[in-house]
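Undergrad: Here is a sequence with its predicted model. Questions after.
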Amino acid sequence: MIHLGVGSVPDKLFRGFDYAANALYMYTDNNYTHYDPVAHPQLDGIFFYDKGVQPSDNACIASIISAQHGNITPQTFYQDVAGWHSTGNA
């Protein structure tokens, strides 16, 4: 299985695709159901693939960015998410 993310400028949406030899699935922020909604809350307008197998000690991206939800900029995303995942803490 290959995971692929594609952003669209005209409709400003991000779609995720799971691709395998016999299947192609498309997901958005509204229909990706592979995570436990309690451990990984869905945030409107946010779609993510978690790089780690859950449950684990790795923080969920939704929990890291929930405080900035609605006001996320490239700078806040880099500071909050990249900093967390590269060092283990924000």
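TA: Thanks, I have it.
Undergrad: In a helix, Glu18, correct?
TA: One correction, residue 18 is Asp, not Glu. No - Asp18: not assigned to a helix; according to DSSP: H, G, I helix; E, B strand; the rest coil it is strand.
Undergrad: In contact with it, which residues?
TA: Contacts for Asp18 (C-beta atoms under 8 Å, 6 or more residues apart in numbering) come out as 1-3, 24-25, 27. In short, each C-beta sits where N, CA and C put it, glycine included.
Undergrad: could I get those residues as CSV with distance to Ile46?
TA: Shown next, in CSV, are the contacts of Asp18 (distance: C-beta to C-beta, whole Å):
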residue, distance to Ile46
Met1, 22
Ile2, 21
His3, 16
Leu24, 22
Tyr25, 19
Tyr27, 12
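Undergrad: Out of the residues you listed, list just those in helices.
TA: Among the contacts of Asp18, none falls in helices (DSSP state H).
Undergrad: Phe17 pairs with what?
TA: Beta-bridge pairing of Phe17 under DSSP bridges involves Leu4, Met26.
Undergrad: Verify the contact between it and His3 for me.
TA: Yes - between Phe17 and His3 a contact is recorded at 7.3 Å, counting by C-beta atoms under 8 Å.
Undergrad: circling back: could I have the ChimeraX command that selects the buried members from the contacts of Asp18?
TA: Buried subset of the contacts of Asp18, written as a ChimeraX selection, criterion 16 or more other C-beta atoms under 10 Å:
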select :27
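Undergrad: now, among the contacts of Asp18, which is nearest to Pro37?
TA: Distance to Pro37 across those (C-beta to C-beta) is lowest for Tyr27, with 14.6 Å.
Undergrad: Run a quick neighbour tally on Phe48.
TA: By other C-beta atoms under 10 Å, the residues close to Phe48 number 19.
Undergrad: Now do the contacts for it.
TA: Phe48 neighbours (C-beta under 8 Å, 6+ apart): 61-62.
Undergrad: Is it correct that it falls within a strand?
TA: No - counting by three-state DSSP, Phe48 is not found in a strand; it is coil.
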